[in-house]
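> my questions are about this predicted structure, shown below with the sequence.
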Amino acid sequence: MSKETMSFQTEVKQLLHLMIHSLYSNRDIFLRELVSNASDACDKLRLEALSNEKLFEEDPELRITVGFDAKARTVTVTDNGIGMSRDEVIANLGTIARSGTKEFFGKLSGDSAKDSALIGQFGVGFYSSFIVANKVTVVSRRAGLSASEAVRWESDGTGDFSVEAVEHAPRGTQITLHLREPEGEGEDAKSHDDLLSHWKLKEILKRYSDHIGLPIRMKKRDWDEKKKEYVETDDWETVNQASALWTRSKSEITEEQYKEFYKSLAHGLDDPLAYTHNRVEGRTEYTQLLYVPSKAPFDLYDRQSRHGLKLYIKRVFIMDDAEQLLPNYLRFVQGVVDSSDLPLNVSREILQESRDVRAIREGCAKRVLGLLEDMAANQAEDYKTFWKEFGQCLKEGFGEDFANKERLAKLARFVSTQSAGDEPDVSLEAYTGRMKDGQDKIYVITADSLAAARNSPHLEIFKKKGIEVLLLTDRIDEWVLNFLTEYEDKPIQSVAKGSLDLSKVKDNSSDAETKNEEKAREEDQRAAKPAVEKAAKVLAEKVKEVRLSERLTDSACCLVSDEHDVSGHLERLLKAAGQKAPERKAILELNPSHPIVKALVAESDAGGGQIVGADGNQVSDGVTETFSDLVWLLHDQALLAEGGQPEDPAAFVGRLNRFLLKGLDSGQI
């Protein structure tokens with residue numbers, strides 16, 4: 001087949017541009033990525049050969065070789081792994097077959113520093129070659145295909161690539177990078193000439209790829225006494241340890257090696273926040289090397305994206321993204337599990353049903369939670385970073401992992417009315433440790449934002465009494481409260497649901513002031529009762545009840561849900577998501593000491609009571625138009641204050657305008 005020229009997928013063009021312009025300072029990662037891909041190709045051959053040994057052909061010893069040609073200015077990475085067919089070359093090197101790609105590119109800002117971090121989250125992969133190369137040539141033959149079915153792929157990274165059939169006997173893939181010429185002068189010069197040396201390539205391989213479980217070979221160099229320089233020989237030397245990092249003893253592995261293995265695993269640039277490496281023995285034997293990342297991947301909440309650990313069985317690679325090895329709420333964890341017990345022909349379906357896998361999942365979950373507990377106790381700043389990146393994900397565990405609910409509750413962090421800023425830094429343990437005398441519940445409020453939560457009228461009595469309230473503003477929080485109902489035998493109650501009794505909690509007022517306030521409030525409540533009954537008639541089926549409030553001190557009114565009803569916040573979230581919300585009738589609470597409610601009482605008194613004629617028919621219910629308008633205004637005002645919207649905005653505006661005109665006519669405005 002003749003040479004065919006094709007265009008890159010649009011997203012690939014964008015990625016290539018970013019690679020060249022944003023990642024120069026991290027350019028050495030290109031070799032890490034190519035070697036990692038070569039290792040994966042060998043792993044895949046080993047896996048496919050389990051059912052078809054002929055794929056090894058006459059070359060069963062898997063390896064990776066790295067070389068360079070100083071005169072031609074090329075660096076070459078070769079593997080004898082699975083290789084690629086023509087269709088696979090086009091699919092793997094011309095497109096990004098990954099969900100969430102468009103969302104990823106939508107986050108790019110044009111700031112090279114920020115964008116390079118995002119690229120790290122996305123995974124740099126093969127395209128990092130163009131950081132150092134102005135042309136890349138790939139020759140590949142898939143295992144099982146003839147030498148004449150090999151394919152050559154070539155591109156300068158600008159927009160197009162060519163594909164053609166070639167004769168190539170060796171199995172696997174050979175990638176040749178044609179290095180860019182030096183650019184600029186002085187301190188600003190960009191040169192890759194140092195890559196055209198044995199020691200530099202060897203140093204990069206030792207730093208980034210020492211953990212690779214396959215031998216990485218380079219041509220050996222010996223000192224030539226006549227030429228007074230090192231010369232290349234025909235012998236090969238292995239430049240890495242060639243043993244999988246997780247199989248080594250912890251005492252043999254340095255901190256730097258753990259970090260570099262993580263970067264290779266995650267195809268990223270950032271160090272992990274924490275890691276744990278353990279050999280588990282017992283009924284189920286396996287090795288786990290688990291990392292907590294410092295940055296959330298861009299597709300963490302994409303349901304179509306696979307997130308999971310790399311699964312090996314007796315050091316044989318089985319699959320990427322084995323999500324069955326961890327609960328879904330811990331899907332952000334990166335790492336490797338190497339089992340001694342699972343069958344080599346395991347499938348995703350078998351993983352779901354296996355008793356051994358369930359034991360591995362439970363063991364890995366406990367290790368990760370233990371790692372997070374240690375971080376929370378001893379590295380507070382790192383845990384703040386973790387919670388910012390993965391807090392919402394961890395909260396999913398309250399509904400998924402009942403066995404570890406108490407541990408999750410201790411790990412949760414919140415903003416509270418006592419927080420100095422907007423960072424969630426309050427644990428339930430800290431909250432309960434400073435509960436006031438007489439307080440027997442943990443109080444929370446859910447809202448769309450911290451500003452809405454902090455300014456909610458539901459908090460007024462809590463502010464007066466100095467009671468701390470947790471401010472929950474993540475969308476998942478309403479769902480979490482269905483499962484997180486108590487902590488250390490202390491019930492968790494929303495301040496916007498049910499009745500409220502804080503009589504056992506004293507505020508900062510003196511006893512004399514408190515008695516005077518209580519006496520005045522009792523008088524106001526007694527005077528307001530007839531108006532409350534009339535207000536209930538006006539609102540009729542719109543509300544479940546109209547009652548006098550025990551939680552308001554400054555505002556005129558608020559809406560609350562009955563104890564077992566959904567909250568107004570959850571109702572709005574469900575409707576916004578296009579889901580049917582359970583039927584809810586709110587309770588309107590009125591503050592009898594507020595001037596507007598006192599005006600409502602006065603208007604009620606002016607309207608009189610219910611009048612019944614001699615024939616038994618009702619002549620008047622004592623409700624004036626002004627009274628009715630004011631009741632509806634109070635209801636809609638309470639609805640707005642909790643983040644809702646009046647059902648009839650035009651009627652709301654009409655009533656408001658009538659009161660404004662009355663105020664203007666009377667000269668009181």
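Happy to help now that I have it.
> is His173 in contact with Val89, as I believe?
If you look again at residue 173, you'll see it is Thr, not His. No: with contact defined as Cβ atoms under 8 Å, Thr173 does not count as touching Val89 (9.1 Å). For the C-beta atoms, the positions are set from N, CA and C on the backbone; glycine is no exception.
> mutual contacts of the two, please.
With contacts defined as Cβ atoms under 8 Å, 6 or more residues apart in numbering, the residues shared by Thr173 and Val89 are 138, 140.
> so for those two, which sits in the more crowded spot?
More neighbours surround Thr173 than the other of Thr173 and Val89, with 26 against 22 (other Cβ atoms under 10 Å).
> what's in contact with the helix or strand containing the more buried one?
Taking DSSP states H and E as the criterion, Thr173 maps to strand 172-179. Contact with strand 172-179 is made by 30, 34, 38, 41, 72-84, 129, 132-141, 143, 192-193, 195-196, as judged by Cβ under 8 Å, 6+ apart.
> which parts of stretch 626-640 are buried?
Judged by neighbour count using 16 or more other Cβ atoms under 10 Å, the buried positions of stretch 626-640 are 626-639.
> tabulate the CA atom coordinates of that stretch in PDB.
The C-alpha coordinates for stretch 626-640 follow below in PDB (Å, rounded to 0.1, in the frame of the first residue of the first chain):
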ATOM      1  CA  THR A 626     -53.700  44.100  53.100                       C
ATOM      2  CA  PHE A 627     -53.400  41.200  55.600                       C
ATOM      3  CA  SER A 628     -53.500  38.700  52.700                       C
ATOM      4  CA  ASP A 629     -50.800  40.600  50.700                       C
ATOM      5  CA  LEU A 630     -48.500  40.800  53.700                       C
ATOM      6  CA  VAL A 631     -48.800  37.100  54.500                       C
ATOM      7  CA  TRP A 632     -48.000  36.200  50.900                       C
ATOM      8  CA  LEU A 633     -45.100  38.700  50.900                       C
ATOM      9  CA  LEU A 634     -43.700  37.100  54.000                       C
ATOM     10  CA  HIS A 635     -44.000  33.600  52.500                       C
ATOM     11  CA  ASP A 636     -42.300  34.600  49.300                       C
ATOM     12  CA  GLN A 637     -39.600  36.600  51.200                       C
ATOM     13  CA  ALA A 638     -38.800  33.500  53.200                       C
ATOM     14  CA  LEU A 639     -38.600  31.500  50.000                       C
ATOM     15  CA  LEU A 640     -36.200  33.900  48.500                       C
END
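> which residues touch Asn134?
Counting by Cβ under 8 Å, 6+ apart, Asn134 has contacts 156-157, 178-181.
> hang on, I meant Thr287
246-247, 277-280, 336-338.
> which residue, other than its chain neighbours, is closest to it?
Asp338 (4.5 Å; Cβ to Cβ, 6 or more residues apart in numbering).
> wait, doesn't the one you found sit right on Phe317?
No: the pair Asp338 / Phe317 is not scored as a contact, 9.6 Å apart, by Cβ under 8 Å.
> identify the bridge partners of Ala274.
Val292 (DSSP bridges).
> what count of nearby residues applies to it?
18.
> if I look at it, how far off is Ser85?
Distance, Ala274 to Ser85, using Cβ to Cβ, to the nearest Å: 41 Å.
> again, but for Arg475
Computed as Cβ to Cβ, the Arg475 to Ser85 distance reads 45 Å.
> and which of the buried residues of stretch 626-640 is nearest Glu164?
Among the buried residues of stretch 626-640, Leu639 lies closest to Glu164 (Cβ to Cβ), at 68.4 Å.
> can you tell me the element the closest one falls in?
Assigned by DSSP H and E, Leu639 belongs to helix 625-641.
> give the other helices and strands that that helix contacts.
helix 511-539, strand 557-560, strand 587-590, helix 595-607, helix 649-666 (3 or more Cβ pairs under 8 Å, 6 or more residues apart in numbering; DSSP states H and E).
> so which of those is the most surrounded?
Most buried of these by mean neighbour count (mean count of other Cβ atoms under 10 Å) is strand 557-560; its value is a mean of 25.
> now do the buried residues in the helix or strand following it.
Counting by DSSP H and E, the next helix or strand C-terminal to strand 557-560 is helix 568-576. Neighbour-count burial for helix 568-576 flags 568-573 (criterion: 16+ other Cβ under 10 Å).
> can you put these in CSV and add distance to Ala150 and pLDDT?
Output for the buried residues of helix 568-576, formatted as CSV (distance: Cβ to Cβ, whole Å; pLDDT from 0 to 100):
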residue, distance to Ala150, pLDDT
Gly568, 66, 81
His569, 61, 82
Leu570, 60, 81
Glu571, 62, 80
Arg572, 60, 82
Leu573, 56, 81
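> redo those as TSV? Include distance to Glu583.
Listed next are the buried residues of helix 568-576 as TSV, based on distance: Cβ to Cβ, whole Å:
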residue	distance to Glu583
Gly568	13
His569	16
Leu570	13
Glu571	9
Arg572	14
Leu573	16
